[in-house]
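> Mind folding the following:
(one chain, ligands or ions: 2)
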Amino acid sequence: MLLVDQTSDRAIVVPIKIDAPVGRTVTFTAPPSKSQSIRAIFASLLSVACCEGSGEVRLRNVSSCEDASASLEVAKAFGVKITESHSGDGVLDSRDVMFSSPDSGASLRTARPSKLECGESGLCARMVLPILGLFGDDTAVTTVTGRGSLLKRPFDIVAGLKAFGLLVETNAGYLPVNVSGRLRAAHGRIDASLTSQLLSGLLMALPLTDGDSTVIVENPTSKPYIAMTLETMERFGIRVRTSEDFTEFHVSGRQHYVGGSYEVEGDWSAGAFLLVLAALLKLDGVDVRILNLSPSSLQADRAVLNVLERAGVRVKFENGAFSIDRVESMNGFEFDFTDCPDLVPPLVPLAVFCRGRTHMYGVKRLRFKESNRLQALGRLLDAVGVRYEISDDSFIIDGLGPNVLPQEDQIEVDSHNDHRIAMAATLIGLRRRGGISITNASCVAKSFPSFYKVVEMVLKELNGVAG
Ligand SMILES: O=C(O)C1=C[C@@H](OP(=O)(O)O)[C@@H](O)[C@H](O)C1
Ligand SMILES: C=C(OP(=O)(O)O)C(=O)O
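Ligands and ions are numbered 1, 2, ... in the order given. Model (predicted):
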């Protein structure tokens, strides 16, 4: 059962009661990718606002999550016209968005918004910093800020932008920041050890400067996210040359983002939660089919397929749907998450129900997400009686095996206002006899507004009754 109480912002999850499970199949659809939606929104902004004659842009299946909405508001602040509609093609949390020039025909590149509010989206706030440098003149200053968890996340990552003509003054390393200067072509260095998001923004903006640039990247992390940025740019007609290890980029200036239409893929980060849920349901004989995930996607979190394999969970792709072929072993696994940090929260529930020890490496940057995710996941494991060890860059979890956790007491865990922690707690609650009550539960809207609805739908379908 799953109860969402909006007044107290609480989700109460208790185990699935499955009558005659064998042979039952449930199908659900992954929502649109948050990361790809935000990239497509900024590429559309650059196309309409900076590239004359490139026409309108039509984006299909844009995520309706809070981070994508914050990014659309930011794009509007630059003066582009944005209209939203619903395509009704059955993808949850999805909308279509049209970008066009203002009716006045005024050039948008001459002015820079004085303030941008980025909600809680790290990607939006970091990506927009270099992009701002394409607008207005030398005297323009923009204050970039956000709310909630974003105000506690590090922004002392901006020193490298100086070589490209931009000055970013931070508030002792945090938001709000003031951005001034014009972006110019140059040879510079970016330290990406903490985040790849600023580099993504710089790569998107540099092709619109007047000359050629080289970007040397120190300590690249989250590399598939950079590949996704380059792929989105390519879809808008922009090419960048890069070394295979993403430590060097050669960007020609005077390029143009070309409008047209673009369809956003399904979200592998949300899909990872759905696949782990599918693996856990398979233990009870239920088959789950997941639609709207591309098997050839460049999204970092498609790596969930490799991790499931390592744990002994065999996944298949047939007739456009992913499903669990069979669970061979459910054994603890080893994996390095440097390139896919968002996969740790969905894989903690998997590790809990595996036999033996799971070693997660490359996890130190999880301390700087919407919450300190290592600490928040540790609290969740404490609450359900799972032993673990966290060190600088590793997270070791001693799994309890695939049975439903027998404790009958009701426990309460806090999401720490972090969408991925709330979703991880939900998956564990579905296999704990006394369930889990999650406080600050509505934060799932940051990336997956319909998450509880999807879980509820599955439960209803399996029980044949409400909840
Ligand atoms: O570029 C992106 O879309 C993202 C990159 C990753 O961040 P870092 O580059 O900070 O690791 C990831 O954690 C975040 O959720 C989305
Ligand atoms: C960390 C995340 O996003 P962002 O950094 O864009 O806020 C996330 O979605 O888990």
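
> any idea how far the closest residue to Ile411 other than its chain neighbours lies from Ser149?
Once flanking residues are discounted, Ile411 sits nearest to Ala383: 5.1 Å by Cβ to Cβ, 6 or more residues apart in numbering. The way it works is simple: take the backbone N, C-alpha and C, and place the C-beta from them, glycine included. Per Cβ to Cβ, to the nearest Å, Ala383 is found 21 Å from Ser149.

> try Lys316
37 Å.

> Between these two, point out the one with more neighbours.
The neighbour comparison of Lys316 against Ser149 (other Cβ atoms under 10 Å) goes to Ser149, with 19 against 10.

> Return the backbone torsion pair for that one.
Per-residue torsions, Ser149: phi -60, psi -30 (degrees, to the nearest 10).

> Excluding chain neighbours, give the residue nearest to it in space.
Excluding the flanking residues, the one nearest Ser149 by Cβ to Cβ, 6+ apart is Glu370, at 4.3 Å.

> Neighbours of that neighbour, how many?
The number of residues packed around Glu370, counting by other Cβ under 10 Å, is 24.

> try Lys115
Lys115: 11 neighbours (other Cβ under 10 Å).

> For it, which residues count as its bridge partners?
When bridges are called by DSSP bridges, Lys115 pairs up with Thr143.

> Relative to Ser442, how far out is it?
Between Lys115 and Ser442 the computed distance is 26 Å (Cβ to Cβ).

> residues contacting the closest residue to ligand 2 within the chain?
Going by Cβ to the nearest ligand atom, ligand 2 is nearest to Gly122 of the chain, at 2.7 Å. Neighbour list for Gly122: 150, 153, 195, 197, 369 [criterion: Cβ atoms under 8 Å, 6 or more residues apart in numbering].

> These: which ones sit near ligand 2?
With Cβ under 6 Å from any ligand atom as the criterion, those include Lys369 near ligand 2.

> I'd like the contacts of Gly122 laid out as TSV, including pLDDT and neighbour count.
Below are the contacts of Gly122 laid out as TSV (pLDDT from 0 to 100; neighbours: other Cβ atoms under 10 Å):
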residue	pLDDT	neighbour count
Leu150	98	23
Arg153	98	21
Thr195	98	23
Gln197	98	24
Lys369	98	23
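
> Dump the contacts of Gly122 into CSV; add secondary structure and distance to Lys453 as well.
Output for the contacts of Gly122, formatted as CSV (DSSP: H, G, I helix; E, B strand; the rest coil; distance: Cβ to Cβ, whole Å):
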residue, secondary structure, distance to Lys453
Leu150, helix, 26
Arg153, coil, 28
Thr195, coil, 31
Gln197, helix, 29
Lys369, coil, 24
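
> which one among the contacts of Gly122 gets closest to ligand 1?
The closest of the contacts of Gly122 to ligand 1 turns out to be Thr195 (Cβ to the nearest ligand atom; 3.1 Å).

> what mean pLDDT does the helix or strand containing Gln36 have?
Assigned by DSSP states H and E, Gln36 falls within helix 34-50. Helix 34-50 carries an average pLDDT of 96.

> Then stretch 15-25?
Stretch 15-25 shows a mean pLDDT of 69.

> Next, the distance between the ends of it.
18 Å (Cα to Cα, to the nearest Å).
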